[in-house]
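Take this sequence and fold it.
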Amino acid sequence: MRVVVLADTHAPRRWRACPSRVAAQLRGADLILHAGDVCTAAVLRELECYAPVAAVLGNNDGPDVADWGAGPTAELDADGLRVAMVHDSGPTRGRLTRMRRAFPGADLVVFGHSHIPLDESAPGLRIFNPGSPTDRRRQPHGTIGVLRIESGRLVAARIVPVT
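Residues are numbered from 1 along each chain as shown. As a prediction, the model looks like this:
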């Protein structure tokens, strides 16, 4: 299963339409995860043209994103891998412990908010922030994440530059 992970697209200010380098990664996706700050449900509807989408609410998301179906957190099964999502995972210090407490059944927690890509592991838990494809802030590139899941195992996780 190929999963594309996005966060912090900040439409329409930063995302007027799907950037071509993001679209290239979305083609062939089996699932798209959006970790919040979509800002408008139009982005989620656009992403649904590529693959099924699961999303959570970010601090900048409006009521239309909630009406689309995004909640404050999400938990799902991706080919046997237990995935949880939240927009803001809190401060860096203690993050792995905090995410394990918040999502005790998860193998992987996807989050956003900081715009800083991160892929970190501890025994029994991996946390993953794809960064932002449209608002890189202090990062060298806008980024997304691409995951490969096989039979309940996360076999590959990449941060992909798209700007």
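
Which stretches in this structure count as helices?
All helices of the chain, identified by DSSP state H, fall at 20-26, 41-47, 63-68, 95-102.

Would you mark the buried spots in the shortest one?
Buried positions in helix 63-68, judged by neighbour count with 16 or more other CB atoms under 10 Å: 65, 68. All C-beta spots, glycine's among them, are computed from the backbone N, C-alpha and C.

okay, it in PDB with CA atoms only?
Coordinates of the C-alpha atoms in helix 63-68 are reproduced here as PDB (Å, rounded to 0.1, in the frame of the first residue of the first chain):
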ATOM      1  CA  PRO A  63     -16.300  24.500   9.700                       C
ATOM      2  CA  ASP A  64     -16.400  23.200   6.100                       C
ATOM      3  CA  VAL A  65     -13.400  20.900   6.900                       C
ATOM      4  CA  ALA A  66     -15.300  19.500   9.900                       C
ATOM      5  CA  ASP A  67     -18.400  19.200   7.800                       C
ATOM      6  CA  TRP A  68     -16.300  17.200   5.300                       C
END
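
For the protein, identify the residue most remote from the centre.
The C-alpha centroid of the chain is most remote from residue 123, which lies 21.4 Å away (CA atoms, centre = their mean).

where's that one relative to residue 97, distance?
The spacing between residue 123 and residue 97, counted by CB to CB, to the nearest Å, is 12 Å.

and the spatially closest residue to residue 40 that is not a sequence neighbour, backbone torsions?
Residue nearest to residue 40 in three dimensions, not counting chain neighbours: residue 11, with 4.8 Å by CB to CB, 6 or more residues apart in numbering. Dihedral angles of residue 11 (phi, psi; degrees, to the nearest 10) stand at phi -80, psi 150.

For residue 11, give me its contacts.
38-40, 42-43 (CB atoms under 8 Å, 6 or more residues apart in numbering).

With distance to residue 111 added, can I get those in JSON lines?
Rendered in JSON lines, the data for those read as follows (distance: CB to CB, whole Å):
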{"residue": "38", "distance to residue 111": "14"}
{"residue": "39", "distance to residue 111": "17"}
{"residue": "40", "distance to residue 111": "20"}
{"residue": "42", "distance to residue 111": "23"}
{"residue": "43", "distance to residue 111": "18"}
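
Derive a PyMOL selection command for the buried subset of those residues.
Remark: buried members of these, expressed as a PyMOL selection using 16+ other CB under 10 Å:
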select buried, resi 38+39+40+42+43
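
what's the closest of the contacts of residue 11 to residue 89?
Minimum distance to residue 89 across these is 17.3 Å, recorded for residue 38 (CB to CB).
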